[in-house]
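S.K.: Just to be clear, the model below is a prediction. Sequence and coordinates:
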Amino acid sequence: MAAAEPKPPMGAAAARRLARSCWSAFWDYETPKVIVVKNRRLGIVYRAVQLLILLYFVWYVFIVQKSYQDSETGPESSVITKVKGITLSEHKVWDVEEYVKPPEGGSVFSIITRIEVTPFQTLGTCAESMRVSNATCDSDEDCVAGQLDMLGNGLRTGRCVPYYHGSSKTCEVSAWCPVEDGASVSQFLGTMAPNFTILIKNSIHYPKFQFSKGNIENRKGGYLKHCTFHEVSDLYCPIFKLGYIVEQAGENFTELAHTGGVIGVIINWDCDLDLSASECNPKYSFRRLDPKHIPASSGYNFRFAKYYKINGSITRTLIKAYGIRIDVIVHGQAGKFSLIPTIINLATALTSIGVGSFLCDWILLTFMNKNKVYSHKKFDKVCTPSHSSGSWPVTLALVLGQAPPPPYPCSPDPGQAGQLQSEGQSQARAVPPPWPCPTSAPSEQMVDAPERGAGPGICASESSQQDCVLTDARGLAQL
């Protein structure tokens, strides 16, 4: 007697069924089904969502953002500056060569408005500044010889000496003497500084569109000698007064001249190259860039020295300068019509209009009365007859509703169809069950009105049995 073959495990059988189901579902074809729902409130929501989406794309995307254009940001730019004017301090007359640093005329430069001068410094030994930590002393024991403080002025000698003024004492250092705090003199240069004129020559180039332009108008050579900038009448005369720049930045000139600060001159070139080149104009704006409200780091200053010889010994004048630093910043964007971004944004707009359908479907399936009837009518599954003896073109025509009805009777009543199937096993084997009548209209309507006559719907079947059942068109009409 042969041994019984072992049965495959239940898990393997379930996996095979799942694989066959997935493989069969992979070849299914899905097509949208059109159902017209006669509900005014839902229709208002649907059209309102479509209108909002349409307004967003027409007004914001195409008109404001100009998304139909190909764009380029960050133009290639060059900046040349030149300052003119003289001013007075308590001791001398200052010209451009002395108060502008650096003198090359680049996009970043400083105009000195106040200085603290320490004259006649020579290499030697002197008292350290009292601002340096641990510099005060009472005796030589408080000073360590050879100690070097990185925030100090020199190398300590180990002696405690009297300070430059008063009765205090500090450690002696080997440095440029006297140190800055001991003999500095303050001078204010800002009396005539508001009348300084600054020429800002700027040229830009957009390589993608091969477009170039400058901020100086093509006029006679003497034009720039007699003009100053005005936003309306002299837009292409980029000569600004220093006082005008500080005022437009919202600052007080006297206060800024004493403490120093950084002012940004922003030149913006936003050009619509679909228009003529004369419509591409620079726009100037001014604002302060450094943090003036932080006491620990407010203001702007720097140091430099001038060297010379007196009686054969090297001497220098140390200058701590406070001033207004000007940063010229250029940016912009150019755009020109292009077919590719236009097609992309139009396709996005048309696709986004479908959001209204998604929202209304969600409302119908979730919140509205008789949502189960709507779900039943919206999602149908059409099965092809497995026992059909006709060729595949005839079968396809039957599915699409383009072929004549089958030779056996068609039952429009679901109750009658069930009665015919229960009359006996022998009769069921001889005569196949009746086919449902195909619908002639491509869409169905769901109305809020009272019941009206409707033909039977498409034949739908459950996936497990493959048996066709008629949908209830009369229940759909009650929505």
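M.R.: Noted; the coordinates are in hand. Being a predicted model, the structure only gives us computed values, none of them experimental.
S.K.: buried ones in the strand or helix carrying Pro119?
M.R.: If you go by DSSP states H and E, Pro119 is part of strand 108-127. Going by neighbour count (16 or more other C-beta atoms under 10 Å), the buried part of strand 108-127 is 109-118, 121, 126-127. For every residue, glycine as well, the C-beta is placed using N, CA and C.
S.K.: Where does Leu346 sit: helix, strand or coil?
M.R.: helix (DSSP: H, G, I helix; E, B strand; the rest coil).
S.K.: For burial, what's the neighbour tally of it?
M.R.: By the criterion of other C-beta atoms under 10 Å, Leu346 has 15 neighbours.
S.K.: Ser203 now?
M.R.: For Ser203, using other C-beta under 10 Å, the count is 16.
S.K.: From Ser78, how far out is it?
M.R.: 5 Å (C-beta to C-beta, to the nearest Å).
S.K.: ok, now His293?
M.R.: 34 Å.
S.K.: Between these two, tell me which one has more neighbours.
M.R.: It is Ser78, of His293 and Ser78, that has more neighbours when counted by other C-beta under 10 Å, with 12 against 5.
S.K.: Am I right that the more buried one falls within a strand?
M.R.: Yes - counting by three-state DSSP, Ser78 is found in a strand.
S.K.: can you pull the contacts of Ser297?
M.R.: Ser297 makes contact with 290-291, according to C-beta atoms under 8 Å, 6 or more residues apart in numbering.
S.K.: Show the pLDDT at it.
M.R.: pLDDT recorded at Ser297 is 77.
S.K.: Check for me that it belongs to a strand.
M.R.: No - using three-state DSSP, the assignment for Ser297 is coil, not a strand.
S.K.: which residue ranges form the strands in the stretch 101-250 of the chain?
M.R.: Assigned by DSSP state E, counting those that start in this stretch, the strands in the stretch 101-250 of the chain fall at 108-127, 155-162, 169-177, 185-188, 197-206, 211-214, 239-241.
S.K.: again with the stretch 251-400 of the chain
M.R.: Using DSSP E, counting those that start in this stretch, strands in the stretch 251-400 of the chain cover 261-272, 283-288, 301-310, 313-337.
S.K.: My guess is Phe196 contacts Lys82. True?
M.R.: No - if you go by C-beta atoms under 8 Å, Phe196 and Lys82 don't touch, sitting 10.9 Å apart.
S.K.: Between these two, tell me which one has more neighbours.
M.R.: Using other C-beta under 10 Å, the more surrounded residue of Phe196 and Lys82 is Phe196, with 23 against 14.
S.K.: show me the contacts for that one.
M.R.: So Phe196 contacts 83-85, 87, 111, 241-242 (C-beta under 8 Å, 6+ apart).
S.K.: Could you turn the buried ones of those into a PyMOL selection?
M.R.: Of the contacts of Phe196, the buried ones can be selected in PyMOL as follows, counting by 16+ other C-beta under 10 Å:
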select buried, resi 83+85+87+111+241+242
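S.K.: Can you add pLDDT and distance to Thr31 and give the contacts of Phe196 back as a markdown table?
M.R.: Listed next are the contacts of Phe196 as a markdown table, based on pLDDT from 0 to 100; distance: C-beta to C-beta, whole Å:
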| residue | pLDDT | distance to Thr31 |
| --- | --- | --- |
| Val83 | 95 | 75 |
| Lys84 | 94 | 78 |
| Gly85 | 93 | 80 |
| Thr87 | 91 | 84 |
| Ile111 | 96 | 75 |
| Lys241 | 95 | 73 |
| Leu242 | 96 | 73 |
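S.K.: how far is the helix or strand Cys22 falls within from where the chain is centred?
M.R.: Assessed by DSSP H and E, Cys22 sits inside helix 10-26. Distance of helix 10-26 from the chain centroid (C-alpha atoms, centre = their mean, to the nearest Å) equals 48 Å.
S.K.: Give me the below-cutoff pLDDT ranges for the stretch 251-400 of the chain.
M.R.: Low-confidence segments of the stretch 251-400 of the chain (pLDDT under 70): 380-400.
S.K.: Show me which residues of stretch 370-378 are buried.
M.R.: Of the residues in stretch 370-378, those buried (16+ other C-beta under 10 Å) are 373-374, 376-378.
S.K.: now, which of those residues sits nearest Thr342?
M.R.: Closest approach to Thr342 among these (C-beta to C-beta): Lys378, at 35.4 Å.
S.K.: residues contacting the closest one?
M.R.: By C-beta under 8 Å, 6+ apart, the neighbours of Lys378 are 33, 35, 361.
S.K.: From these, pick the one nearest Ser212.
M.R.: Distances from Ser212 to these, taken as C-beta to C-beta, are shortest for Asp361 (54.1 Å).
S.K.: ok, and the closest non-adjacent residue to that closest one?
M.R.: Lys378 (7.8 Å; C-beta to C-beta, 6 or more residues apart in numbering).
S.K.: With Ile53 instead?
M.R.: Closest to Ile53 by C-beta to C-beta, 6+ apart is Ser352, at 5.1 Å.
S.K.: Go ahead and confirm the one you found touches Leu54.
M.R.: No - assessed by C-beta under 8 Å, Ser352 is found out of contact with Leu54, at 9.1 Å.
S.K.: Show me which of the two is the more surrounded one.
M.R.: Ser352 (16 against 13).
S.K.: That concludes my questions; thank you for your assistance.
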